[in-house]
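*Asks:* Sequence first, then the predicted structure:
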Amino acid sequence: MNRKDAIIVAALVAMLIFWPRIDRWIVRQFYPERLAPVERVEPPETAAEEDGTADRAEGANVPPPALGPAEQPVPPEEPSEPMRDVATADDEPERAPQFFVLRNAHAEYRFSSHAAALVSARLLDYRQTPDDDSDPVELDFAESPALAWKNVPGAAGDFEGEVSSDGRTLSFERRTSAGWRIRRRVELGESYLLRVREEWSRARAQEPPRRVEAPELTLGFMTNLPGETLMRGAAFLGVDTLSPGGEKVRHWGAKMPAWFKEEMASKGGSRPPLSVRRRVPDPGRPVDWAAVKNKYFVQILRPENGADGAWAEAKRVCFPTEEADPAFRPRIQVATTGAALLFPSGEMAPEGESLVWEMEYYVGPKKYDELQRLRYHQVDVMEFGMWGGIGKVLLRTLNLLYGAIPNYGVAIILLTILIRVMFWPITHKGTQSMKRMQEIQPLVNEIRAKYKDNPQRQQQEIMALYKEHKVNPLGGCLPMLIQIPVFIALFVVLRSAIELRFASFLWVRDLSEPENLLAGRLPFGLSLNLLPLIMTVTQVWQQKLSPQTGDPSQRKMMVFMPVIMLVFFYNFASGLVLYWTTNQCLMIAQQLLQRRTRTARRVHP
């Protein structure tokens, strides 16, 4: 590489390193990420609130906690086929809702008497922030409640509710003035799974049957939690579905930004709509279940008999520039996702019969140990990908190590040691092969010089030399190739493993995020991440210890690998960088041990 090429490469690397700051200084002034605040109407105050005695007790008539402006999703101005509720003339006026709580040792689920819907879920084992005294994570569905029927007459009214004495069972009942009886029973088990039984019947036999067209049952809308660092190319916020017939789970999150562009193109608008809604997987295709998820938490609704299909809905970030310039076309950033299951049209309750739905509804963490207990491949919402089998083994091993030593940083180091021990024979042979390659390198250089004008003959002579000395030219690459699936699997697992969320290790406060030391104190808005720097130093050291083989121009290119790795790893999750740094240190120890062994053999043959 000549000097001119080196300057170009150095400039490109510098741009990669400083791109996040350039993005912050210049691009985000025109494309800010903050959502526009919207006004929220709070429910009327009750006597319990005035007395200060409202709490989360069973049946307590208290409004859900209000969100701050930064947490509010942007309402769509031009919704595509918006979800609608069907009111009937015989329904009574809407009253102020009552709220009922189901709880166990892990979660609290808050239901509203209006539509018998779920309005929030508090996950008691998970903190909202890294602070030890932080409140639990709360998934707020108040803007779009879960388990609410759409397009069903009478289902959006007020229900009478009652919680059992153990706080695990909630019964709702509603009788409409037209003579329909709607009953819903929700049971909470020991973890995060709710079992729902819904029954529709006619309270008066003379009431004629009523036909329902395309009824839908909603899942709550979800957003990313405050403070999460998102990764380019990874769509943590999204909707998943599974169709019967041996298909794999379909993940729709990565496709959602394109939906906005397609909607704009189909309607001929000047900018993308604020929300889109699509039938998934395809019109006419049934589904076993649908899920709505963010980086660490998920809802999964599975009817016992499946559903006719599902609707996926997404809302994007609304940028202030759009208000000033109607022709402005923003980049698409999904802010909120939701879904609804679609059921068959038909009579709501034939005479002498009841219409019954039985469902399982999981609202909790994307944790492998919890999701693997569920049927119908619901664990695949974790998106382990092509190397999912390896990822599951690594995650189980990591949790076993954490059980022995309750620190995930130490567990990652021990897991890395175990992996290196497993690959020790292969890496040892690879290093020996590279050493033999280095020993015959002068002979290879002679052949290259002798047949420099005949590349075909040059290659034949080099391969004959390798065969004579029993050297495998790919032997040095084999250890790296074998480790690539393990690294990819571990990368996929650690990038969204809830086990690492807020897990600390030495100076690292959160292994699921970059270190971000001295954030806001360094020039140009930079933050300090020590682990990637340590990783780069170890990689340079490891390169110097490795036998120098191959073409000289290729060796010069390898000099830039530590810098390239620094660029890619600098904003990765600390847990992943810790794994790779530990792996580099173990490679250095192995090479030093082999070098010492060879020296001892020379001294004492």
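*Replies:* Looks like it came in fine. Numbers count the residues shown, from 1 in each chain.

*Asks:* out of all of them, which helix in this protein is the longest?
*Replies:* When the chain is parsed with DSSP state H, its longest helix is helix 408-439.

*Asks:* I'd like the next helix or strand past that helix.
*Replies:* Once the chain leaves helix 408-439, the next helix or strand it forms, by DSSP states H and E, is helix 441-450.

*Asks:* Which parts of that following helix count as buried, going by neighbours?
*Replies:* Across helix 441-450, burial judged by 16 or more other CB atoms under 10 Å covers 444, 447. Quick note: C-beta positions are derived from backbone N, CA and C, even for glycine.

*Asks:* chain center to it, what's the gap?
*Replies:* How far helix 441-450 lies from its chain's middle: 52 Å, per CA atoms, centre = their mean, to the nearest Å.

*Asks:* That helix vs helix 408-439, what angle?
*Replies:* For helix 441-450 against helix 408-439, the angle by axes from the mean of the first three to the mean of the last three CA atoms, to 10 degrees is 60 degrees.

*Asks:* Past helix 441-450, which element shows up next along the chain?
*Replies:* helix 455-468.

*Asks:* Report the buried residues of that next one.
*Replies:* The neighbour-count check on helix 455-468 (16+ other CB under 10 Å) flags 458, 461-462, 466 as buried.

*Asks:* Against which helices or strands is that helix packed?
*Replies:* Secondary-structure packing of helix 455-468 (3 or more CB pairs under 8 Å, 6 or more residues apart in numbering; DSSP states H and E): helix 441-450.

*Asks:* Kindly export the helix it packs on (C-alpha atoms) in PDB.
*Replies:* Extracted in PDB, the C-alpha atoms of helix 441-450 (Å, rounded to 0.1, in the frame of the first residue of the first chain):
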ATOM      1  CA  GLN A 441       8.600 -19.000   3.400                       C
ATOM      2  CA  PRO A 442      12.100 -18.400   1.900                       C
ATOM      3  CA  LEU A 443      11.500 -21.300  -0.500                       C
ATOM      4  CA  VAL A 444       8.100 -19.900  -1.400                       C
ATOM      5  CA  ASN A 445       9.700 -16.500  -2.100                       C
ATOM      6  CA  GLU A 446      12.300 -18.200  -4.400                       C
ATOM      7  CA  ILE A 447       9.600 -19.900  -6.400                       C
ATOM      8  CA  ARG A 448       7.600 -16.600  -6.800                       C
ATOM      9  CA  ALA A 449      10.700 -14.800  -8.000                       C
ATOM     10  CA  LYS A 450      11.700 -17.600 -10.400                       C
END
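
*Asks:* That one versus helix 455-468: what angle between them?
*Replies:* For helix 441-450 against helix 455-468, the angle by the same axes, to 10 degrees is 160 degrees.

*Asks:* Can you tell me which helices and strands helix 441-450 packs against?
*Replies:* The contact analysis (3+ CB pairs under 8 Å, 6+ apart) places helix 441-450 against helix 455-468.

*Asks:* ok, then the element right after the helix it packs on?
*Replies:* Using DSSP H and E, the next helix or strand after helix 455-468 towards the C-terminus is helix 478-495.

*Asks:* which other helices and strands contact that next one?
*Replies:* So helix 478-495, by 3+ CB pairs under 8 Å, 6+ apart, packs with helix 388-404, helix 408-439, helix 574-603.

*Asks:* Tabulate those (JSON lines), appending distance to residue 169 and mean neighbour count.
*Replies:* What follows is those, written out as JSON lines (distance: least, CB to CB, whole Å; neighbours: other CB atoms under 10 Å):
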{"stretch": "helix 388-404", "distance to residue 169": "32", "mean neighbour count": "17"}
{"stretch": "helix 408-439", "distance to residue 169": "36", "mean neighbour count": "18"}
{"stretch": "helix 574-603", "distance to residue 169": "40", "mean neighbour count": "17"}
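
*Asks:* Would you reformat those as TSV and include distance to residue 510 and mean pLDDT?
*Replies:* Output for the helices and strands packed on helix 478-495, formatted as TSV (distance: least, CB to CB, whole Å; pLDDT from 0 to 100):
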stretch	distance to residue 510	mean pLDDT
helix 388-404	16	90
helix 408-439	10	81
helix 574-603	7	79
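
*Asks:* Tell me which helix or strand comes right after the worst-scoring helix or strand of the chain on mean pLDDT.
*Replies:* Every helix and strand of the chain was ranked by mean pLDDT, DSSP states H and E. The lowest is helix 47-51, at a mean of 40. Next helix or strand after helix 47-51 toward the C-terminus (DSSP H and E): strand 99-103.

*Asks:* What distance do you get for residue 289 to residue 538?
*Replies:* Distance of residue 289 to residue 538, given as CB to CB, to the nearest Å: 45 Å.

*Asks:* Comparing the two, which shows the higher neighbour count?
*Replies:* residue 289 (27 against 20; other CB atoms under 10 Å).

*Asks:* so who does that one touch?
*Replies:* 241-242, 300-303, 306, 376, 378 (CB atoms under 8 Å, 6 or more residues apart in numbering).

*Asks:* check contacts around the closest residue to it other than its chain neighbours.
*Replies:* Nearest non-adjacent residue to residue 289, counting by CB to CB, 6 or more residues apart in numbering: residue 302, 3.7 Å away. With contacts defined as CB under 8 Å, 6+ apart, the neighbours of residue 302 are 288-289, 359-362, 374-376, 378.

*Asks:* Serialize the helices and strands packed on helix 478-495 to a markdown table and add fields for distance to residue 142.
*Replies:* As requested, the helices and strands packed on helix 478-495 are exported to a markdown table (distance: least, CB to CB, whole Å):
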| stretch | distance to residue 142 |
| --- | --- |
| helix 388-404 | 33 |
| helix 408-439 | 33 |
| helix 574-603 | 34 |
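
*Asks:* can you tell which of those is closest to residue 323?
*Replies:* The minimum distance between residue 323 and the helices and strands packed on helix 478-495 falls on helix 574-603, with 38.9 Å, by CB to CB.

*Asks:* Which secondary structure elements does the closest one sit against?
*Replies:* Packed next to helix 574-603, using 3+ CB pairs under 8 Å, 6+ apart, are helix 408-439, helix 478-495, helix 530-545, helix 561-569.

*Asks:* model confidence over the second one, on average?
*Replies:* Across helix 478-495, the average pLDDT comes to 79.

*Asks:* quick one, it and helix 388-404 angle?
*Replies:* Counting by the same axes, to 10 degrees, helix 478-495 lies at 70 degrees to helix 388-404.
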